[in-house]
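Enquirer: what follows is a predicted protein model with its sequence.
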Amino acid sequence: MNSSFILRAIPVINECSLSFDDFALATGLGRQTSIDLVRLLARNEIGYVDSGFISFGQSDKLRTAMLAIKMGADVEDLSKMLSWRDFELLATSILDASGYTTHHSFRLKKPRIEIDVVGIKDRVALLLDCKHWKRSSPSEMAKFCSMQIRRAEAFVRASKGETELAVPAILTLHLESITFADCVPVIPIIKLRSFLNEMQGYLNEIKVVSHVG
């Protein structure tokens, strides 16, 4: 099965439950092809299959998009099928599964800033700016990283010592490996889980904002 079949499924995937027949009708695929696709999704921990039905959760659409990328789908094609919410919710779910306390669309009033996703564990905060599928030049990425550092500084000040360290980072869809811009990690969503597992080892190499006083 190639990525084109998975792309047919992405617009269909929402928080809902569908029979195999309804899934086949919605995707425009034959019944057996749809069943094969459902099984492929389930093997990749996408959706829940029970008695001829498949049920989807809030992060399954982007999980399916990630699977399509692994199978060779074009990111620009995917960009038309996904929302910012899909991207941020998947990041939140990965942090949740890794034991982080998470905040989605975190806002501060003074100064007035918004952080896409915040994950806190052991008094260390990971602040993610989700750049979705946008491809950026090095100068643009440096600008994004500088802005994220300022957000991290404001976050640490506002935490009043409750958070010892804040790690500003950029999360993206289209990269294949973790890179760095001005010591700020730029993390592809498919590598976020491994970054979380290894983050303590990165602390001497990346930009870390600490609480003072």
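Expert: Happy to help now that I have it.

Enquirer: CA only for contacts and neighbour counts going forward, please
Expert: Fine.

Enquirer: contact partners for Cys16?
Expert: When contacts are counted by CA atoms under 8 Å, 6 or more residues apart in numbering, Cys16 touches Ser55, Phe56, Gly57.

Enquirer: any of these buried? List them.
Expert: Neighbour-count burial (16 or more other CA atoms under 10 Å) applied to the contacts of Cys16 gives Ser55, Phe56.

Enquirer: got CSV for the contacts of Cys16, with secondary structure and pLDDT too?
Expert: Converted to CSV, the contacts of Cys16 look like this (DSSP: H, G, I helix; E, B strand; the rest coil; pLDDT from 0 to 100):
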residue, secondary structure, pLDDT
Ser55, strand, 94
Phe56, coil, 93
Gly57, coil, 89
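
Enquirer: mind listing what the spatially most central residue of the chain touches?
Expert: The centre of the chain sits closest to Ala91, judged by CA atoms, centre = their mean, with a distance of 3.2 Å. Shown in contact with Ala91 (CA under 8 Å, 6+ apart): Val117, Ile189, Leu192.

Enquirer: quick check, pLDDT for it.
Expert: Each residue has a pLDDT score; the one for Ala91 is 86.

Enquirer: got it, and Val212?
Expert: pLDDT, Val212: 60.

Enquirer: ok so, going back, between the contacts of Cys16, which is nearest Ile13?
Expert: Ranked by distance to Ile13 (CA to CA), the contacts of Cys16 are led by Phe56 at 6.6 Å.

Enquirer: residues contacting the residue lying closest to the closest one once chain neighbours are set aside?
Expert: Once flanking residues are discounted, Phe56 sits nearest to Gly47: 4.5 Å by CA to CA, 6 or more residues apart in numbering. Listed by CA under 8 Å, 6+ apart, the contact partners of Gly47 are Leu41, Ile54, Ser55, Phe56, Gly57, Asp60.

Enquirer: the closest residue to the first one other than its chain neighbours and Lys61, how far apart?
Expert: The one in question is Leu41. Using CA to CA, 6+ apart and skipping the chain neighbours, the partner closest in space to Leu41 is Gly47 (6.8 Å). The gap separating Gly47 from Lys61 is 9 Å, by CA to CA, to the nearest Å.
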